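**Q** Requesting a structural model of the entry that follows:
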Amino acid sequence: MGRKLQKVFDERRLPDIIRRPLINEKATRLLEDNQYTFDVMPDANKTEIKAAIETLFSVKVKGVNTHTPPAKARRVGKFAGKRAQYKRAIVTLVEGDKITLFPDV
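**A** Residues are numbered from 1 along each chain as shown. Below is the predicted model of the structure:
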């Protein structure tokens, strides 16, 4: 009943979870709704992604949505295989917070 949840992730791993921000047409449209899209490590879960974003960018995260698209087939000469697996996270920030993806130079 009164149990406290404890952190089940390693604090040193947090900077490695977020690979890069994604800048495409859909991600740019989502910026208007205060949602940011990132490529993340395939084995990261939502609580790790939330902690990584809050730690790296000093913002408050409202929600995290993730999806892992299916791997596409690829052929190089006679060798057939699949592309590398990746995972995307759409992070919704609390009203008033924002992440500066393009700092003024």
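
**Q** Only C-alpha atoms from now on, for both contacts and neighbour counts.
**A** Noted.

**Q** In the protein, where is pLDDT below threshold?
**A** By pLDDT under 70, the low-scoring segments of the chain are 1-9, 105.

**Q** which element follows the lengthiest helix in the chain toward the C-terminus?
**A** Secondary structure assigned by DSSP state H gives helix 46-57 as the longest helix of the chain. Once the chain leaves helix 46-57, the next helix or strand it forms, by DSSP states H and E, is strand 61-67.

**Q** relative to helix 46-57, how tilted is that following strand?
**A** 120 degrees (axes from the mean of the first three to the mean of the last three C-alpha atoms, to 10 degrees).

**Q** and the nearest residue to residue 90 once chain neighbours are set aside, what helix or strand is that in?
**A** Closest residue to residue 90 apart from its sequence neighbours, by C-alpha to C-alpha, 6 or more residues apart in numbering: residue 37 at 4.5 Å. According to DSSP H and E, residue 37 maps onto strand 35-40.

**Q** list the helices and strands that strand packs on?
**A** strand 18-21, helix 25-30, strand 87-93 (3 or more C-alpha pairs under 8 Å, 6 or more residues apart in numbering; DSSP states H and E).

**Q** Burial check on the closest residue to residue 92 other than its chain neighbours, number of neighbours?
**A** Closest residue to residue 92 apart from its sequence neighbours, by C-alpha to C-alpha, 6+ apart: residue 35 at 4.4 Å. Under the neighbour criterion other C-alpha atoms under 10 Å, residue 35 is assigned a count of 22.

**Q** Beta-bridge partners for residue 65, please?
**A** Per DSSP bridges, the residues bridged to residue 65 are residue 90.

**Q** Can you give me the distance of it to residue 49?
**A** 10 Å (C-alpha to C-alpha, to the nearest Å).

**Q** of the two, who's got more company?
**A** Neighbours per residue (other C-alpha under 10 Å) separate residue 65 from residue 49, with residue 49 holding more: 25 against 12.
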